[in-house]
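Participant: all I have is the shape, not the residue letters:
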């Protein structure tokens, strides 16, 4: 019987190793952005972006392929029902995402693009990393943003996708913020 080979361990908040979620929430606050519809790739067990959503009146749809992170989200939503108005988490391999099921977003974070592709899961994938980038960026409203994390261990691979993607989609690069690379849809 075939099974998805998914990441097993939950990811704690470790700003020294992976500050992208903290940089992102600071970016939102410093830019005075509120009420944003956000797709967030990689919730982490810390759920930092989702936990900050109520303060900014954001609607965050996170995705994780890590069972313990999904379980911790369920626990958060049960213990803090107010959070559920602002933060939802999908449990799915990002390569199986079906864009027809997704709404329009103001911001898409692809901090962990290119980190999870595996040959073991390839037969079950609907998209590869380029397909994920193209599909999710099509879900960004005009004037909306796509953000990348330059400190990702797979950022070199993601950075190689960006020039062709950018040329074909009408996104323009804006000044970065801390470890984040930012593109706006024109």
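Facilitator: Now that the structure is in, tell me what you want to look at. As the structure is a prediction and not an experimental result, all values here were calculated from the model.

Participant: what segments of the chain are strands?
Facilitator: Along the chain, the stretches classed as strands by DSSP state E are 37-41, 59-64, 87-91, 105-109, 140-149, 171-177, 180-185.

Participant: so what touches the longest helix anywhere in the chain?
Facilitator: The helix that spans the most residues within the chain, counting by DSSP state H, is helix 155-169. Helix 155-169 is contacted by residues 110, 113-114, 129-130, 133-134, 137-138, 148-149, 152, 171-173, 181, 183, 185 when judged by Cβ atoms under 8 Å, 6 or more residues apart in numbering. The way it works is simple: take the backbone N, C-alpha and C, and place the C-beta from them, glycine included.

Participant: list the buried residues in that helix.
Facilitator: For helix 155-169, a neighbour-count test (16 or more other Cβ atoms under 10 Å) marks 155, 158, 161, 162, 165, 166, 169 as buried.

Participant: mind putting the residues you listed into CSV with distance to residue 84?
Facilitator: What follows is these, written out as CSV (distance: Cβ to Cβ, whole Å):
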residue, distance to residue 84
155, 32
158, 31
161, 34
162, 34
165, 33
166, 35
169, 33
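
Participant: where does the prediction get shaky in this protein?
Facilitator: Residues of the chain meeting the criterion pLDDT under 70: 1, 4, 6-7.

Participant: tell me the centre residue of it?
Facilitator: By Cα atoms, centre = their mean, the chain has its centre lying nearest to residue 41, at 2.1 Å.

Participant: which residues touch that one?
Facilitator: Residue 41 sits in contact with 62, 63, 94, 108, 109, 110, 111, 112, 113, 136, where contact means Cβ under 8 Å, 6+ apart.

Participant: between the residues you listed, which is nearest residue 31?
Facilitator: Each of the contacts of residue 41 was scored against residue 31 by Cβ to Cβ, and residue 109 proved nearest at 14.3 Å.
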